[in-house]
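Colleague: sequence first, then the predicted structure, then my questions.
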Amino acid sequence: MSFLESLGRAWDLVEELQKTTLAGWVEHDEIRSARATEEAYLREGHQQLEVLAGAAKAVYDYDVAEVERERTAPDMERDEAVATREEAAKALKEL
């Protein structure tokens, strides 16, 4: 193989490498763009989940407070009744 043939073959290889490199960069840019889009979707989904979790926690906290009020209401009513009876008994003694 002559020098010119070797030089021509080397040039062909350089052009092939350029095409391959360019194709690789195009693919890399497409992947990067797809990842950026996916990241945006994930962030949006994360924000929506945060909102839903906050709403669920608010409902849960309200329900827990309501159950606690319902649970303690009879105790409070009983305590009030006992206090009223004690006041009535004290008032009767004073008469």
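Modeller: Received the coordinates, thanks.
Colleague: pLDDT weak spots in the protein?
Modeller: Scanning the chain for pLDDT under 70 picks out no residues.
Colleague: in it, which spans are helices?
Modeller: Shown for the chain, the helices assigned by DSSP state H span residues 3-94.
Colleague: distance of residue 30 relative to residue 76?
Modeller: Residue 30 is 67 Å from residue 76, where distance means CB to CB, to the nearest Å. For glycine as for every other residue, the C-beta is placed from the backbone atoms N, C-alpha and C.
Colleague: what sits against residue 72?
Modeller: By CB atoms under 8 Å, 6 or more residues apart in numbering, the contact list for residue 72 is empty.
Colleague: measure it to residue 84 for me?
Modeller: Applying CB to CB to residue 72 and residue 84 gives a distance of 18 Å.
Colleague: ok, now residue 70?
Modeller: Remark: distance between residue 70 and residue 84 (CB to CB) = 22 Å.
Colleague: next one: residue 14
Modeller: Per CB to CB, residue 14 is found 102 Å from residue 84.
Colleague: try residue 49
Modeller: According to CB to CB, residue 49 and residue 84 sit 51 Å apart.
Colleague: cool, residue 22 as well?
Modeller: Residue 22 sits 91 Å away from residue 84, going by CB to CB.
Colleague: how close does residue 68 sit to residue 60?
Modeller: Residue 68 sits 12 Å away from residue 60, taking CB to CB as the criterion.
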